[in-house]
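Participant: after the sequence you'll find the predicted model.
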Amino acid sequence: MKNPDITVIGSSNTDMVIKADHLPVPGETILGGTFFMNPGGKGANQAVAAARLGGKVNFICKTGDDIFGRQSLRIFNEEGINTSFLISDPAYPSGVALITVDKNAENCIVVASGANATLIPTDLLQARDIIAQSSIILMQLEIPLETVLYVAAMAYEKNIPVILNPAPACTLPDQLLSHISILTPNKTEAEMLSGIRVHDIESAKEAAHKINARGVKTVIITLGNKGVLVLNKNLFTHIPAIPVTAVDTTAAGDTFNGALVVALSQGEDILLATAFACKAAGISVTRIGAQASIPYRREVLLL
């Protein structure tokens, strides 16, 4: 089995989570239940997922020079992630996310980006060699878009596949999409990028076609408990979700993306890699928290 380098470039946050009966509406105060404080951030979650699921992972991020940043560094090292290019910024605090999870396992999240928002292209100059030697690169959108554009263009020139998880949802330039090998939006993100409301498999197909036409080679739309729709080489494949009882969907998408890059880096084709990622994400929603919910490879292989 091959085990080449995966490089994840993205955010690191500390998640502060409260379980509640329902999500508050504007102006509403509700009494919640259990409080958790967990490591999170989409980049960090995806790096941890890739490491737990069998990948050899480099993680490039920026944290504050504070207790949250130091805790994050310790956790990454414990997970076996290469943190040689983690940057500690004394001028900005580490990122923080405030998360509410309701009784149906749905969540709402507000993020204070902190140092994540200052990860600019010049910060990556010392990491150019490790990026260039990667077999696959995974990014998200909790860091500046200019940095995502910079890395995607560099990787494209060197024929390194880039997976972009376009979250949080925002508009993206065609210039970026043309440098992306695989895009992994959820329903909301697919709607933002295609202009088509995604509410079922057929509308997801329309959205995927629109995104593909903007230059992305492969589009994988995650549909929650409806599974995943893959558009690859002009062919659609629907992969159903595994049947589980969800308790918290936080980091399910991050687990999916981390698992996907591991399977691809180890030589699996896109459909087998997506099926592996669906299993990993399915396990994650049965647990509370972000990184705390991410399974290990042996757990996924048992399904």
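Facilitator: Looks like it arrived, so ask away.
Participant: tell me the pLDDT at the spatially most central residue of the chain?
Facilitator: The centroid of the chain falls nearest to D254 when counting by CA atoms, centre = their mean (3.5 Å). pLDDT recorded at D254 is 98.
Participant: now it: how far from S194?
Facilitator: D254 is 22 Å from S194, where distance means CB to CB, to the nearest Å. Heads up, the C-betas are built off the backbone N, CA and C, glycines and all.
Participant: mind listing what the closest residue to P24 other than its chain neighbours touches?
Facilitator: Counting by CB to CB, 6 or more residues apart in numbering, P24 lies nearest to I30, which is 5.2 Å off, once chain neighbours are set aside. Listed by CB atoms under 8 Å, 6 or more residues apart in numbering, the contact partners of I30 are A20, D21, H22, P24.
Participant: the nearest residue to the residue nearest to the centre of the chain once chain neighbours are set aside and A51: what is the separation?
Facilitator: Excluding the flanking residues, the one nearest D254 by CB to CB, 6+ apart is N45, at 3.6 Å. Distance of N45 to A51, given as CB to CB: 11 Å.
Participant: swap in A259?
Facilitator: Distance of A259 to A51, computed by CB to CB: 11 Å.
Participant: ok, these two, which is more surrounded?
Facilitator: Neighbour comparison, A259 and A51: the larger count goes to A259, with 32 against 25 (by other CB atoms under 10 Å).
Participant: chain center to the host helix or strand of that one, what's the gap?
Facilitator: Using DSSP states H and E, A259 sits in helix 252-265. Centre-to-centre, helix 252-265 and its host chain are 8 Å apart (CA atoms, centre = their mean, to the nearest Å).
Participant: list the contacts for L138?
Facilitator: 6-10, 46, 50, 162-165, 257-258, 261.
Participant: switch the cut-off to 7 Å
Facilitator: Applying CB atoms under 7 Å, 6 or more residues apart in numbering, we find L138 in contact with I6, V8, Q46, I163, N257, V261.
Participant: what pairs with it across the strands?
Facilitator: In this structure, L138 bridges to V8, I163 when assessed by DSSP bridges.
Participant: check which helix or strand the nearest residue in space to G69 that is not next to it in sequence maps to.
Facilitator: By the measure of CB to CB, 6+ apart, the closest residue to G69 outside its immediate chain neighbours is T63, 3.3 Å from it. If you go by DSSP H and E, T63 is part of strand 62-64.
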